[in-house]
Each structure stands twice: as C-alpha cells, then as structure tokens.
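A.B. asks: kindly return the folded structure for what I paste below:
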Amino acid sequence: MTTGRSPVRMGPAEMVQAAAMARRFYLEGKSKIQIAEEFGVSRFKVARVLESALERDLVRIEIRVPAELDAERSDALRARYGLRNAVVVESPTDRAELAGDAPDPENLGVVAAGLLGELVNEGDVLGLAWGRSIITMANALESLPPCTVVQLTGVYDAGTAERGSVEAVRRAAQVAGGEAHPMYAPMVLPDAATAAALRQQTGIAAAMSYFDKVTVAVVSIGSWEPRVSTVYDALSDAERKHYAELGVAAEMSSHLFAADGRRVGHDLRDRCITVDTDRLRRVPEVVAIAGGIRKANAVGAVLRSGLVTSLVTDTAAADHLLNRQAPAARPALDRADPGEA
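C.D. replies: This is a model prediction of the structure:
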C-alpha cells in the first residue's frame, strides 16, 4: 500500500522498531497508547511509525474471503436493497446453468447453511419452506444451536416428502437437537375448500401453530416460468395464463408478486398450504436463497416486497440486480407492505 510520498529509507533500528510496533498493533491487538507506553514514545509517534510501515511495505494488509464468495458484490447488494445480510457466491461455469436450464447452484445451499449457523440462536424457532436449495442447505448443515424446526409450506409433490421438505426439517432438527414439526401435505391443492380442510388436520394444524413463533425463516424464490417455479409447474395452462395476466413476476412459498413487489393472485394463496405473508413479515429474519440469471428479475421483485431481510445469491443474479434493475422502492428492513392486487 502506498500514499504517493517519496519513500525515505529506514535504518535498521527504525525498521526493527516499526516491525515490533506493527506486531503489537496488528497481531496482538494492543492499542497505540499501550504501545507508546511500552516503547517510551508518544502515541502520535506510534501512529506515524505504523503509517510509515504501511507506506514502505513493511506491513501488508490483505482482506481475504474464500474464493467462492464475492465480498464486493455482497456489500453492494446489501446496501442497494437495504438488506441485513447479502452473500454472493461465484456462479458456476457450467453451460446449462449459465443458460438458465438448471436449478439453483448447489453451492448456494451450502453457503446458506453457513449463514444459518450465524443467524440461529438457542431457543429460536426455525422455519423452512419448500425449495431444492433449502433441501441442499439442510443436508449441508454441520451445527446449529438447540432450536425448534417447523415446515412453512407443503411439499411440491407429496410423493417426494421423505426426500424433500419433510426430510429437510427432520435433518435440521437432528443437527440442532430440537423438535421437528413437519407437514405431510401438498403445497398446492385443487381448491380453497380442500386446502382449508387439510389445515384442520391434527398434524398440519400442530405445525402451523408454530408459525407465529418463527424467529428465523428460510425461503426460496422462483420465476413465473417452467422449471423455475414449482408452483408454476403444478398449475394448468389456463391457470398459468390467468396469473400471468395479473403481472406475476415471482413466486415465493406459493405467494405471487408483481415486478414492483406487490402481492397478486390472492385466490392461489387460498388454495395452498403455506405461511401467510402477514406472519412472514413479522419474522425477525427471513433468508431467501435464489440464483441464476433466469431468477434475477424474480429476486428483485421479492426484495421489493419488503419480506426478505437476508439473501444468498450468485454473481449472475447479483450483477443483474446491481446493474440492470432499480433498487427496491423501500428498504427491505422497513418490512412495509407494498400492497396487494
């Protein structure tokens, strides 16, 4: 690191003293006042020596994060969209993912598992929604403080429950050494009456009774197109057309959002087994996991809803959000409701 000054050669005694002071300050964590007292000089002298050590390359400061994390994009995304945490991972170079034909990169779930370890505290109630990246996250968990884990949505396909959301809830609870509250139910039902009847079933009602107690929630985001939203794939062509005409740009836990963050498609929500957005908005920490260029616009729409406090995404989506989309209409941490159509 240089400041543009003409370097002045340091004598051997000065160099040794500067190295000793730098060691005390940077490695041992001593204050400038403590160093000054030890060496019998003023703290201003210590400050000048430390500055000189940097200028003359006697001390090098490096900021290192794992290669798969992009600290600069992460910080820019956090500030741009008013998030509490934003973690951006390197996009895979696989052609299928770059073309948008693959689900969220597996490393998103792995990184999200690490973030969850930072966010969850003992006694929390952790809520997990449906999502392939959330299943990957649960499998990658290595440790969690003791907490209760509850399923926030039904599953995309009831036949895959043991391998999907139910197993993710069980896995997280096992790692945490806490209670698991899964829901053996599809996420999307044929009509509102069937969904209402299922909500009254003992096991499902017991799990949903924890929704108001959730302190950390993890959700995934899908674009309103084939193979990028499980809800889209579960509907008929006529239903997809109906919601597209309402301006749907994104889906999260079966809730639909327009590009500006407004919720749309209230009738679909009535047909689904899921945590409602009013409850989700009261959760102190809501982590969304989504990446890839095909999901970038959808991620932006959900960020504008104000429901999400933290995001795990990749460089492809982050670049789109930073360079091609306007920031959220209001900071997400305000948790204000943009309204519903």
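
A.B. asks: domain-wise, how is the chain divided?
C.D. replies: 12-55, 71-334 (automatic domain parsing).

A.B. asks: outside of stretch 54-74, which residues touch it?
C.D. replies: 1-3, 5, 7, 10, 15, 18-19, 22, 26, 50, 52-53, 86-90, 107, 111, 315, 318-319, 322 (Cβ atoms under 8 Å, 6 or more residues apart in numbering). Yep, even glycine has a C-beta here, placed from its N, CA and C like the rest.

A.B. asks: kindly check the end-to-end length of that stretch for me.
C.D. replies: The separation between the terminal residues of stretch 54-74, taken as Cα to Cα, to the nearest Å, is 27 Å.

A.B. asks: flag every buried residue along that stretch.
C.D. replies: Leu54, Glu55, Arg56, Leu58, Val59, Leu69, Asp70, Arg73, Ser74 (16 or more other Cβ atoms under 10 Å).

A.B. asks: in this protein, where is pLDDT below threshold?
C.D. replies: Residues of the chain meeting the criterion pLDDT under 70: 1-9, 62-67, 92-105, 156-164, 325-336, 339-341.

A.B. asks: quick one: the strands in it, in order.
C.D. replies: With strands called from DSSP state E, the chain shows them at 85-89, 125-128, 148-151, 180-181, 216-220, 222-223, 248-252, 255-258, 263-264, 285-289, 310-314.

A.B. asks: next, format these as CSV and append distance to Val41.
C.D. replies: As requested, the strands of the chain are exported to CSV (distance: least, Cβ to Cβ, whole Å):
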stretch, distance to Val41
strand 85-89, 42
strand 125-128, 53
strand 148-151, 57
strand 180-181, 61
strand 216-220, 50
strand 222-223, 62
strand 248-252, 59
strand 255-258, 61
strand 263-264, 64
strand 285-289, 47
strand 310-314, 46
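
A.B. asks: would you turn those strands into a markdown table with distance to Glu118 and mean neighbour count?
C.D. replies: As requested, the strands of the chain are exported to a markdown table (distance: least, Cβ to Cβ, whole Å; neighbours: other Cβ atoms under 10 Å):
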| stretch | distance to Glu118 | mean neighbour count |
| --- | --- | --- |
| strand 85-89 | 8 | 23 |
| strand 125-128 | 13 | 26 |
| strand 148-151 | 17 | 26 |
| strand 180-181 | 22 | 19 |
| strand 216-220 | 10 | 27 |
| strand 222-223 | 26 | 24 |
| strand 248-252 | 22 | 26 |
| strand 255-258 | 26 | 26 |
| strand 263-264 | 29 | 20 |
| strand 285-289 | 10 | 25 |
| strand 310-314 | 10 | 28 |
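
A.B. asks: who wins for proximity to Glu37 among the ones you listed?
C.D. replies: With Cβ to Cβ as the measure, strand 85-89 is the member of the strands of the chain nearest Glu37 (39.6 Å).

A.B. asks: what angle separates that closest one from strand 285-289?
C.D. replies: 20 degrees (axes from the mean of the first three to the mean of the last three Cα atoms, to 10 degrees).

A.B. asks: show me the contact partners of strand 85-89.
C.D. replies: In contact with strand 85-89 (Cβ under 8 Å, 6+ apart) are residues 68-70, 73-75, 77-78, 105, 107-108, 111-112, 115, 119, 287, 291, 309-315, 318.

A.B. asks: quick one, what contacts Phe211?
C.D. replies: So Phe211 contacts Gly127, Val150, Leu152, Val275, Arg279 (Cβ under 8 Å, 6+ apart).

A.B. asks: mind picking the two most distant members of these?
C.D. replies: So, the contacts of Phe211 by Cβ to Cβ: farthest apart are Val150 and Arg279, at 11.7 Å.

A.B. asks: now for these two: what residues contact both?
C.D. replies: Common contact partners of Val150 and Arg279 (Cβ under 8 Å, 6+ apart): Phe211, Val214.

A.B. asks: can I get the CA coordinates of stretch 123-141 in CSV?
C.D. replies: Output in CSV follows, covering the C-alpha atoms of stretch 123-141 (Å, rounded to 0.1, in the frame of the first residue of the first chain):
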residue,chain,number,x,y,z
GLY,A,123,-34.3,-21.3,21.7
ASP,A,124,-35.2,-19.9,18.2
VAL,A,125,-37.9,-21.4,16.0
LEU,A,126,-36.5,-22.1,12.6
GLY,A,127,-39.0,-22.2,9.7
LEU,A,128,-38.1,-23.9,6.4
ALA,A,129,-40.1,-23.5,3.2
TRP,A,130,-40.1,-25.8,0.2
GLY,A,131,-37.2,-25.4,-2.2
ARG,A,132,-34.4,-27.5,-3.7
SER,A,133,-31.8,-25.1,-2.5
ILE,A,134,-33.3,-25.4,1.0
ILE,A,135,-33.0,-29.2,0.9
THR,A,136,-29.4,-28.8,-0.1
MET,A,137,-28.9,-26.3,2.7
ALA,A,138,-30.3,-28.8,5.3
ASN,A,139,-28.1,-31.6,4.1
ALA,A,140,-25.1,-29.3,4.4
LEU,A,141,-25.8,-28.2,8.0
